[in-house]
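Engineer: A structural model of the following input is requested.
(2 chains, ligands or ions: 2)
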Amino acid sequence: MSVLEIKNLHVRVDGNEILKGVNLRLDAGQVHSIMGPNGSGKSTLAQVLARRESYDVTQGEVLFDGKDLLAMKPEDAACEGLFLAFQYPVEIPGVSNAYFLRSAVNAVRKYRGQDEMDAMDFLPKLREKMKLLEMDEKFLNRSVNEAFSGGEKKRNEILQMAVLEPKLAILDETDSGLDIDALKVVANGVNAMRSPDRAFLVVTHYQRLLNYIVPDRVHVLVNGRIVRSGGPELALQLEESGYASVGSAAGAA
Amino acid sequence: MSSNTDTIRELAQQEYKWGFVTNIEQESAPRGLNEDIIRFISAKKDEPEFMLEWRLRAYRHWASLEKAQAEPKWANVHYDPIDYQDIIYYSAPKQKPNLKSLDEIDPEIRRTYEKLGIPLAEQKMLAGVAVDAVFDSVSVATTFKAKLAEAGVIFCSFSEAVREHPELVKKYLGSVVPYTDNFFAALNAAVFSDGSFCYVPKSVKCPMELSTYFRINAAETGQFERTLIVADEGASVSYLEGCTAPIRDTNQLHAAVVELVALDNAQIKYSTVQNWYPGDKNGKGGIYNFVTKRGKCAGRNSKISWTQVETGSAITWKYPSCILQGDNSVGEFYSVALTNNFQQADTGTKMIHIGKNTRSTIVSKGISAGHGQNTYRGMVRILKNAEGARNYTQCDSLLIGDKCGAHTFPYIEVKNSTARMEHEASTSKIGEDQLFYIRQRGLKTEDAVSMVVNGFCKRVFRELPMEFAVEAQKLLSVSLEGSVG
Ligand SMILES: Nc1ncnc2c1ncn2[C@@H]1O[C@H](COP(=O)(O)OP(=O)(O)OP(=O)(O)O)[C@@H](O)[C@H]1O
Ligand SMILES: [Mg+2]
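Structural biologist: Ligands and ions are numbered 1, 2, ... in the order given. The predicted structure is shown next:
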């Protein structure tokens, strides 16, 4: 059963066509990776899937768990179980990480008709996930992402993912900015969450991450189109000979 | 972006929830202002001679200012000239002025306060908060009087204080804000009709929060209340005022004066949640809130702390200030001012350091949305003898949308070279990025906006008494609805 099905997706941002017909199918239990040169449209794809409304979908269709994703607002998609780990996580001064996460969890629970969780029930769960990601407790009370180091922000994204337990997690360059040890911790966090009913879309520039999170498929996005798809070995080939080796414009998924 | 904006705009259609009118019989003075009106007000209140004379002196001073067209124009707010002869200066519910018990309150007024969430019956009161309720020009009820009296605390309407404690009133009235202070202070001194009075005797910690609730009901009426709080040596008190008014499409003037006096080792904490009717979304109607608030740290080691959450009024002109006269005295000002639609606010504080080792802290958070214009105006003055004075100022503005404005005018005057001054300022915008990030985690747009705004105001909300911090947050969310555009 496919969690995500993208058909001929065209997207304009401020009048420029950035995605020019993307096709992709991601099944439950799978991990797919998207690679591609700077500016090829990877983050645009991630943000459109998370329903960023300033991005204009001009053509195409996206099904998320069989539902029309493009008809959803960002919060609806989130509540349906779509999570985006941002390439550039945003700071929210004065709002503690713990409060933010509990608000998020409760928004999702409310959407699903479940009771809200109070701090007493929520904190132990949060602490457990923080332990898994080797995060210090002081991050509970610090404002969301404010004055976090680059790597801390990325780790905080994964913490949010771990707490929200999404059906589909899109990781946009979560590995950039992480030191070697942090990379392993984050990869372990992701691997611990791999399950038959969850799917991951992992955007990265580096083969290194894929040593830890081994993908089922690798797609190469160039200039708004997926020009090549293959198994994990495709990432190795790119690492050696660069994007020129996979051709630029033409090609199919 | 567009659908973001739409949701927010829809929310904006939310009406001011406190805008109903109470139908009761009112007794009013004729329109306009002259010495006879002053005498009328004073007679109505059965005032001693000294009070009437003070009023008349204030009136004559005001009349000379008015003649010289000396109404202050320096604030960054714009409004049509006010016709001071077209205002009613006294309006009161027709009822015996002296209530023997709370049960005698007009049931309509009681219902009004209940609708506002302020039950006047003592048993239903928020635990630990005594309320003085001012309806148009007069105080209609003071709760928990007996319990306060046990502790020796005097908390009553200003009129009652003038009658029952004239020596205290005489001693402190005008000692912090003389009627010559400014145009609106002079006007208030001439026509003030009621307000709250509080005296906490030596070494007494006031056993409960005190609170005054101001309600403007009558049309075309000005409200001119006066509050005087005195904390004697070693005393402490925390006081909160709240305000609302009905929706009317003409502007109404509110010109209050608040004076605080803290003697040696005394502490006064004064919190305001101001939610006067702000006018409609096109800028029609609303309260003109021209208020003079000042505290004097007269004694050593005394402390005065102002916390204000200003979300209402069409125009706000207000600078709660501290005169730090006693050595080691401390002044604080924590402010959240929000302007939405066509509201204008020019607010801030003055910290006047006179004594040695005096310290002041200013934290101002301005939020502008819609076409709102928000100005912070602050003055820190370190006088020659204020050895070792310190000030910390933090002044942040948050913009929602691109039709609003934020302005800051910090003035600093240092006459003693040992002074240490710190100033931080920032302007930020609630961006699409921030809202998208929060919504991606499952929160609705309005919850995302209010999360960002509440985070922005956290430093100030922390200073509010617990019971009111939650109220303030809710109020802010409601006032913000429909704010991106
Ligand atoms: N608001 C905008 N106006 C014009 N062009 C834009 C806008 N936003 C993004 N773009 C362009 O869209 C293209 C795709 O950007 P995107 O962020 O999706 O790239 P990416 O593949 O994620 O790159 P990177 O690997 O550097 O993160 C870039 O050329 C970028 O400059
Ligand atoms: Mg990117």
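
Engineer: Centroid-nearest residue for the chain?
Structural biologist: You didn't pick a chain, so chain A it is. Central residue of chain A (C-alpha atoms, centre = their mean): A:Ile170, 1.8 Å from the mean position.

Engineer: where does chain B come near chain A, residue by residue?
Structural biologist: For chain B, the contact set with chain A under C-beta under 8 Å from any C-beta of the partner chain comprises B:1-4, B:432-434, B:436-445, B:447, B:451-452, B:454-459. All C-beta atoms are positioned from the backbone trio N, CA, C, and that covers glycine.

Engineer: From those residues, keep the buried residues only.
Structural biologist: B:4, B:434, B:436-445, B:447, B:451-452, B:454-459 (16 or more other C-beta atoms under 10 Å in any protein chain shown).

Engineer: The stretch 51-200 of chain A: helices as residue ranges?
Structural biologist: Secondary structure of the stretch 51-200 of chain A, counting by DSSP state H, counting those that start in this stretch: helices at A:74-79, A:97-111, A:119-132, A:138-141, A:150-164, A:180-193.

Engineer: bridging residues for the residue nearest to the centre of chain A?
Structural biologist: A:Leu84, A:Leu201 (DSSP bridges).

Engineer: can you tell me how far it sits from A:Val202?
Structural biologist: 8 Å (C-beta to C-beta, to the nearest Å).

Engineer: Where does the prediction get shaky in the chain?
Structural biologist: If you meant another chain, say so; for now it's chain A. For chain A, applying pLDDT under 70 flags the ranges A:247-253.

Engineer: Correction: the question concerned chain B.
Structural biologist: B:1-26, B:93-144, B:214-222, B:243-252, B:276, B:278-279, B:283, B:313, B:467-468, B:478-485.

Engineer: Pick the most deeply packed of the helices of the stretch 51-200 of chain A.
Structural biologist: helix A:74-79 (a mean of 23; mean count of other C-beta atoms under 10 Å in any protein chain shown).

Engineer: Of the helices of the stretch 51-200 of chain A, give the one that comes closest to B:Ser157.
Structural biologist: The closest of those to B:Ser157 is helix A:97-111. By C-beta to C-beta, the value is 41.3 Å.

Engineer: Report the secondary structure state of the residue of chain B found nearest chain A.
Structural biologist: Closest residue of chain B to chain A, C-beta to the nearest C-beta: B:Gly455 (3.0 Å). Following DSSP: H, G, I helix; E, B strand; the rest coil, B:Gly455 is assigned to helix.

Engineer: which element is residue 240 on?
Structural biologist: Using chain A here. Element membership for A:Glu240 (DSSP states H and E) is helix A:233-241.

Engineer: Correction: the question concerned chain B.
Structural biologist: strand B:236-244.

Engineer: What separation do you get for the most centrally placed residue in chain B and ligand 1?
Structural biologist: The centroid of chain B falls nearest to B:Thr272 when counting by C-alpha atoms, centre = their mean (5.3 Å). Computed with C-beta to the nearest ligand atom, to the nearest Å, the distance linking B:Thr272 and ligand 1 is 43 Å.

Engineer: Who does the closest residue to that residue other than its chain neighbours form a beta bridge with?
Structural biologist: Sequence neighbours aside, B:Gln308 is the residue nearest to B:Thr272 in space, at 4.3 Å (criterion: C-beta to C-beta, 6 or more residues apart in numbering or on different chains). With DSSP bridges as the criterion, B:Gln308 is bridged to B:Thr272, B:Ser335.

Engineer: Tell me the secondary structure at B:Trp436.
Structural biologist: That one is not Trp; residue B:436 is Phe. Following three-state DSSP, we place B:Phe436 in the helix state.

Engineer: you'd agree it is up against A:Glu75?
Structural biologist: No - using C-beta atoms under 8 Å, B:Phe436 is not in contact with A:Glu75, being 10.0 Å away.

Engineer: Could you tell me how far the residue of the stretch 1-150 of chain A found nearest ligand 2 is located from A:Ala78?
Structural biologist: Ligand 2 sits closest to A:Ser43 of the stretch 1-150 of chain A, with a gap of 3.1 Å, by C-beta to the ion. Per C-beta to C-beta, A:Ser43 is found 18 Å from A:Ala78.

Engineer: same thing with B:Glu471?
Structural biologist: B:Glu471 is 30 Å from A:Ala78, by C-beta to C-beta.

Engineer: Next: A:Ala244.
Structural biologist: Separation of A:Ala244 from A:Ala78 (C-beta to C-beta): 38 Å.

Engineer: can you list the helices of the stretch 51-200 of chain A in TSV and add distance to chain B?
Structural biologist: As requested, the helices of the stretch 51-200 of chain A are exported to TSV (distance: least, C-beta to the nearest C-beta, whole Å):
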stretch	distance to chain B
helix A:74-79	4
helix A:97-111	4
helix A:119-132	14
helix A:138-141	12
helix A:150-164	7
helix A:180-193	17
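
Engineer: Please name whichever of those is nearest to ligand 1.
Structural biologist: Checking the helices of the stretch 51-200 of chain A against ligand 1 by C-beta to the nearest ligand atom gives helix A:150-164 as the closest, at 13.7 Å.

Engineer: What's the local residue count around the closest residue to chain B within chain A?
Structural biologist: Closest residue of chain A to chain B, C-beta to the nearest C-beta: A:Gly94 (3.0 Å). When neighbours are counted by other C-beta atoms under 10 Å in any protein chain shown, A:Gly94 registers 20.

Engineer: So B:Leu33, which state does it fall into?
Structural biologist: coil.

Engineer: residues contacting it?
Structural biologist: Residues near B:Leu33 by C-beta atoms under 8 Å, 6 or more residues apart in numbering or on different chains: B:Tyr59, B:Tyr84, B:Gln85, B:Ile87, B:Tyr89, B:Ala190, B:Val191.

Engineer: most surrounded residue in the residues you listed?
Structural biologist: B:Tyr89 (27 neighbours).

Engineer: And the residue of the stretch 151-300 of chain B closest to ligand 1?
Structural biologist: Residue nearest to ligand 1 within the stretch 151-300 of chain B: B:Lys281 (30.9 Å; C-beta to the nearest ligand atom).

Engineer: how many neighbours does that residue have?
Structural biologist: By other C-beta under 10 Å, neighbour count at B:Lys281 equals 17.

Engineer: Wait, it touches B:Asn341, no?
Structural biologist: Yes - at 4.7 Å, B:Lys281 counts as touching B:Asn341 under the criterion of C-beta under 8 Å.

Engineer: near ligand 2, anything from the helix or strand that A:Glu5 is a member of?
Structural biologist: In the assignment (DSSP H and E), A:Glu5 maps to strand A:2-13. No - Strand A:2-13 lies out of reach of ligand 2 by C-beta under 5 Å from the ion, never closer than 12.4 Å.

Engineer: near ligand 1, anything from that strand?
Structural biologist: Yes - for strand A:2-13, a contact with ligand 1 is found by C-beta under 6 Å from any ligand atom, at A:Val13.

Engineer: following that strand, which helix or strand shows up next?
Structural biologist: Following strand A:2-13 toward the C-terminus (DSSP H and E): strand A:16-27.

Engineer: Only alpha carbons, please: show the very next helix or strand once past that next one as PDB.
Structural biologist: Note on strand A:16-27: by DSSP H and E, the next helix or strand toward the C-terminus is strand A:31-35. Extracted in PDB, the C-alpha atoms of strand A:31-35 (Å, rounded to 0.1, in the frame of the first residue of the first chain):
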ATOM      1  CA  VAL A  31      12.800   4.500   3.000                       C
ATOM      2  CA  HIS A  32      13.500   6.600  -0.200                       C
ATOM      3  CA  SER A  33      16.300   9.000  -0.600                       C
ATOM      4  CA  ILE A  34      16.300  12.100  -2.800                       C
ATOM      5  CA  MET A  35      19.600  13.500  -3.900                       C
END
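
Engineer: Run the angle between strand A:31-35 and helix A:180-193 for me.
Structural biologist: 140 degrees (axes from the mean of the first three to the mean of the last three C-alpha atoms, to 10 degrees).

Engineer: could you point out which element follows strand A:31-35?
Structural biologist: Note on strand A:31-35: by DSSP H and E, the next helix or strand toward the C-terminus is helix A:42-49.

Engineer: tell me which strands and helices that following helix is in contact with?
Structural biologist: Counting contacts by 3 or more C-beta pairs under 8 Å, 6 or more residues apart in numbering or on different chains; DSSP states H and E, helix A:42-49 is packed against strand A:2-13, strand A:16-27, strand A:31-35, strand A:56-64, strand A:82-85, strand A:168-172, strand A:199-203.
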